[in-house]
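In: need a structure here:
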Amino acid sequence: MLWENLSTKQFEEAVLSTNRVCVLPIGCLEKHGDHLPLGTDMMIAREVTEQAAELEPFVIFPYYLFGQVSEVRHWAGTVAISSKMQMMLLGEVVKEIRRNGFDKIVLANAHGGNNYWLRYFAQTMLDEKRDYIVFTYDLWELTQDQFQHLESSFDTPGDYGHADHMETSQIMHIDPSLVQMDKLNPGEWDPMGRGGWMSEEKLSAGIHWYTEYPNQIAGNPSLSTAEYGKKYIEFCAANFAKAVKRLKQDDTALKLQKEFFDKCDQVSRIHRTE
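Out: Numbering: from 1, shown residues only. Okay, the predicted model is just below:
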C-alpha cells in the first residue's frame with residue numbers, strides 16, 4: 001500500500017491491518033556509470049518493496065531520496081545534503097510516521113553508501129525514550145541458494161559492486177527505456193588500485209571509494225538482462241516480505257526497548273532521595 005495513494009479512511013484502516021508497520025524505502029540520487037539513471041537505487045527500492053507488500057501487506061512511505069552520498073559530489077545530478085541535515089530530516093520523518101500511528105518503522109535501504117549511516121541512525125533511537133522502534137534492512141541481500149541459482153541460470157561476469165550487472169539488470173526489468181548500454185565505457189569499472197594500501201592496512205577514509213571507482217561504476221554490466229533483473233527482484237522481495245511478516249508477528253522488540261528505557265530511568269534515580 002502506497003502511503004500517497006490512500007484516502008484518510010483507507011490510511012487509518014491500513015495502520016491497523018498492517019499491525020502498525022511502515023516501510024521507508026531509501027536510496028539516493030547519484031551517478032550510476034554513464035548508462036543508468038541517477039535514481040537507480042530509489043527505483044529499485046520502490047520496486048522491491050512494492051512487490052514485497054503484495055506478499056505481506058505494509059504501508060510504503062513515499063520516495064525518500066536524501067541518502068548519504070557525499071563521495072559523489074564531483075558528478076552532476078548528485079544531491080548530497082549535509083550530514084547534520086540528513087540526521088535531522090530522517091529523524092523528523094520517522095517522528096511523523098509514528099504520529100500517524102505506526103510504531104514499527106523499517107528503513108529499507110537500496111544504496112550501499114547508506115549502510116553505516118542508517119545503522120548509526122537506528123542506534124541513536126536509543127538516545128531518548130520512544131514508543132516506536134526503527135529497523136534497518138538491506139534490500140539487496142540474497143540467500144546462498146538464491147545467488148547460486150542466479151549464477152547457474154544466467155551468464156554473469158562474476159564481479160559486482162555499483163552500476164553493475166545486478167543493478168543494470170534490475171533497471172532493464174523496471175524500465176528498459178532508462179538503460180543506455182551504448183554509453184558503457186569498458187574498463188571504467190575496474191578498480192584503479194590507488195587505495196589498495198588502505199585496505200591492506202585495514203584503514204578507511206571518506207575518499208576511499210573515489211580512489212578506486214571515480215567514475216561511479218564497479219563491476220562489469222555488459223551481460224545484464226531484464227530476465228536476470230526480474231528474478232533478482234523477486235528473490236529480494238520474497239526475502240523482505242518474510243522479514244516483515246516476522247516483524248508484524250513480533251511483540252518482543254518493543255517490549256524489550258521499553259524495558260531498556262525503564263532501566264535507564266532507574267539509573268537516573270540511584271542518588272535521588274525522598
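In: which residues in the stretch 101-250 of the chain form helices?
Out: In chain order, the stretch 101-250 of the chain shows helices spanning 115-124, 144-153, 165-174, 196-200, 208-212, 226-249, with DSSP state H, counting those that start in this stretch as the criterion.
In: I'd like these as CSV, with mean pLDDT appended.
Out: Supplementary listing: the helices of the stretch 101-250 of the chain in CSV, determined by pLDDT from 0 to 100:
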stretch, mean pLDDT
helix 115-124, 96
helix 144-153, 96
helix 165-174, 98
helix 196-200, 89
helix 208-212, 92
helix 226-249, 97
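In: Looking at these, which one is packed in the most?
Out: helix 165-174 (a mean of 25; mean count of other Cβ atoms under 10 Å). Just so you know, the C-beta spots here come from the backbone N, C-alpha and C atoms, and that holds for glycine as well.
In: by contact count, what packs against that helix?
Out: On a contact count with 3 or more Cβ pairs under 8 Å, 6 or more residues apart in numbering; DSSP states H and E, helix 165-174 meets helix 40-55, helix 226-249.
In: is it possible to export the ones you listed to a markdown table including distance to Leu6?
Out: Conversion of the helices and strands packed on helix 165-174 to a markdown table gives the following (distance: least, Cβ to Cβ, whole Å):
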| stretch | distance to Leu6 |
| --- | --- |
| helix 40-55 | 12 |
| helix 226-249 | 18 |
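In: mind listing what Asp145 touches?
Out: With contact set as Cβ atoms under 8 Å, 6 or more residues apart in numbering, Asp145 has no partners.
In: now swap in Gly67 and tell me
Out: 26-28, 41, 86, 111, 113-114, 117 are the contacts of Gly67 under Cβ under 8 Å, 6+ apart.
In: so what's Pro25 up against?
Out: Counting by Cβ under 8 Å, 6+ apart, Pro25 touches 42, 45-46, 48-49, 60-61, 63-64, 108, 110, 139.
In: Let me see the contact set for the nearest residue in space to Ser204 that is not next to it in sequence.
Out: Using Cβ to Cβ, 6 or more residues apart in numbering and skipping the chain neighbours, the partner closest in space to Ser204 is Met198 (6.7 Å). Applying Cβ under 8 Å, 6+ apart, we find Met198 in contact with 204-205, 208, 211.
In: Just flag the most distant two among those.
Out: Of all pairs drawn from the contacts of Met198, the widest gap by Cβ to Cβ lies between Ser204 and Thr211 and measures 11.0 Å.
In: sorry, back to before: looking at the contacts of Pro25, state which has the most neighbours.
Out: Ala45 (29 neighbours; other Cβ atoms under 10 Å).
In: pretty sure that one is touching Cys28, no?
Out: No - the pair Ala45 and Cys28 does not pass the contact test of Cβ atoms under 8 Å, sitting 9.8 Å apart.
In: Find the residues that touch each one of the two.
Out: Between them, Ala45 and Cys28 have His111 as joint contacts when contacts are counted by Cβ under 8 Å, 6+ apart.
In: my read: Thr136 touches Ala122, true?
Out: Yes - under the criterion of Cβ under 8 Å, Thr136 makes contact with Ala122 at 5.2 Å.
In: next one: stretch 178-191 to chain centre, how far?
Out: Once both centres are worked out by Cα atoms, centre = their mean, to the nearest Å, stretch 178-191 turns out to sit 24 Å from its chain's centre.
In: average pLDDT for that stretch?
Out: Across stretch 178-191, pLDDT averages out at 94.
In: how about that stretch: buried residues?
Out: For stretch 178-191, the buried set under the neighbour-count rule, 16 or more other Cβ atoms under 10 Å, comprises 179, 184, 188-189.
In: Switch those residues over to TSV, and while doing so, append distance to Arg20 to every line.
Out: Written out in TSV, the entries for the buried residues of stretch 178-191 read as follows (distance: Cβ to Cβ, whole Å):
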residue	distance to Arg20
Val179	38
Leu184	45
Glu188	45
Trp189	43
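In: Sort out which one of the residues you listed lies nearest Glu96 for me.
Out: Looking at the buried residues of stretch 178-191 and their distance to Glu96, the nearest is Val179, at 35.0 Å (Cβ to Cβ).
In: contacting residues for the residue nearest to the spatial centre of the chain?
Out: The residue at the geometric middle of the chain, judged as the C-alpha nearest the mean C-alpha position with Cα atoms, centre = their mean, is Asn109 (0.6 Å). Taking Cβ under 8 Å, 6+ apart as the criterion, Asn109 is in contact with 26-27, 45, 115, 118, 136-139.
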